[in-house]
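Asks: build the 3D model from these lines:
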Amino acid sequence: GGKNGRFPQTTYGLLSQLGAVAHDRKKILERLCTSYWRPIYIYLRTMLAKSSEDAKDITQGFFLWILEDEAFRKYMPERGSFRRYLKILLTSFVGHHEESLQRLRRGGGVRHLSFDDQMQEASLQTSTLTVSDPNAAFDQEWVKAVVDRATHDTKEILLKNEDSLSWKIFEKYDLAEPESVPTYDDLGKEFGVNAFKIRNSLFKVRQLLRTRIRVQIAETTTDEQEAEREWRTLFGAH
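Replies: So this is what the prediction gives:
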């Protein structure tokens with residue numbers, strides 16, 4: 001994605017700002033946690049073999065721990081990605097999660113962070129997992145979160161640019177269930193365009209989606225080299 005497949009330069013500063021004043025740092029953490037709470041939930045549920053409801057409580061306890069106890073103070077971006085650091089924190093948290101749950105039940109709560117709507121569907125997400133190892137499950141769900149956010153951004157960009165046709169073609173073809181993928185001829189008849197237009201539209205949206213995935217990766221890494229490693233690790237791509 002992008003010229004020469006390079007990562008965007010404008011988003012690497014997000015993690016470096018974790019050393020900012022407390023108010024700004026908390027806003028950055030909230031943004032990151034809101035974006036990537038699902039891998040945390042999946043990790044904790046898988047690791048602790050908890051029910052959906054218990055795992056939701058424990059996930060809230062984790063956020064209470066990192067936001068109120070400032071667990072990110074020791075984070076050093078030069079040592080690796082935000083994803084890897086979250087795994088380290090989760091490993092530490094699992095050992096004393098009951099303490100955090102007690103604080104949560106006493107009314108500490110997780111102020112300013114609300115996952116209520118997303119967590120209504122959280123129990124359904126484990127059914128899509130194909131692995132039982134907590135670390136692998138975390139990575140699988142992390143990839144899903146990255147792609148979901150990138151897909152949402154792609155749609156918003158296309159609609160803003162008044163290119164809803166390209167999005168509709170992509171949605172009908174690339175986002176269709178495997179057993180119901182239409183042919184190019186079917187799409188051409190539905191949208192009144194030829195196969196050449198179908199191919200070009202799909203190519204355009206796929207390239208934009210690839211770029212937006214790289215933007216998401218760049219937000220949780222600190223330089224292009226680290227972002228490239230994350231890209232290869234998560235997607236096995238070059």
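Asks: where does pLDDT dip in this structure?
Replies: 1-26, 29-30, 67-80, 100-101, 103-131, 237-238 (pLDDT under 70).
Asks: walking through it, point out its helices one by one.
Replies: With helices called from DSSP state H, the chain shows them at 13-16, 22-35, 37-48, 52-68, 82-94, 97-105, 116-119, 122-125, 134-160, 164-173, 184-191, 195-219, 224-235.
Asks: same list (those helices) but as a markdown table, adding mean neighbour count.
Replies: The way it works is simple: take the backbone N, C-alpha and C, and place the C-beta from them, glycine included. Output for those, formatted as a markdown table (neighbours: other CB atoms under 10 Å):
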| stretch | mean neighbour count |
| --- | --- |
| helix 13-16 | 16 |
| helix 22-35 | 15 |
| helix 37-48 | 23 |
| helix 52-68 | 20 |
| helix 82-94 | 18 |
| helix 97-105 | 16 |
| helix 116-119 | 12 |
| helix 122-125 | 15 |
| helix 134-160 | 17 |
| helix 164-173 | 18 |
| helix 184-191 | 14 |
| helix 195-219 | 19 |
| helix 224-235 | 17 |
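Asks: how many other residues sit next to H96?
Replies: The tally of other residues near H96 (other CB atoms under 10 Å) stands at 11.
Asks: tell me how far it lies from G61.
Replies: Distance, H96 to G61, by CB to CB, to the nearest Å: 10 Å.
Asks: wait, L86 sits on R38?
Replies: No: judged on CB atoms under 8 Å, L86 makes no contact with R38 at a distance of 11.8 Å.
Asks: need the contact list for F235.
Replies: Residues in contact with F235, defined by CB atoms under 8 Å, 6 or more residues apart in numbering, are V143, I213.
Asks: and the gap between it and I40?
Replies: 21 Å.
Asks: kindly report the same for L64.
Replies: 12 Å.
Asks: and what of Q207?
Replies: Note on Q207: its distance to I40, by CB to CB, is 31 Å.
Asks: hang on, isn't D174 packed against K204?
Replies: No: contact criterion CB under 8 Å: D174 and K204 do not qualify, at 11.9 Å.
Asks: got any residues that touch both of those two?
Replies: Joint contacts of D174 and K204 (CB under 8 Å, 6+ apart) do not exist.
Asks: what sits against K172?
Replies: P182, L187, E190.
Asks: roughly how far does the residue nearest to the second one when sequence neighbours are not counted sit from L165?
Replies: Going back to what we said before, that points to L187. In space, L187 comes closest to I198 once its chain neighbours are excluded; the distance is 5.2 Å by CB to CB, 6 or more residues apart in numbering. Per CB to CB, I198 is found 10 Å from L165.
Asks: next one: F235
Replies: For F235, the distance to L165 (CB to CB) stands at 28 Å.
Asks: please apply the same query to S201.
Replies: Distance from S201 to L165, by CB to CB: 7 Å.
Asks: cool, E219 as well?
Replies: From E219 to L165 the distance is 29 Å (CB to CB).
Asks: what sits against the residue nearest to L187?
Replies: I198 neighbours (CB under 8 Å, 6+ apart): I169, Y173, Y184, L187, G188, F191.
Asks: how about a markdown table for the residues you listed, with distance to D153 added?
Replies: Below are those laid out as a markdown table (distance: CB to CB, whole Å):
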| residue | distance to D153 |
| --- | --- |
| I169 | 18 |
| Y173 | 19 |
| Y184 | 26 |
| L187 | 23 |
| G188 | 27 |
| F191 | 23 |
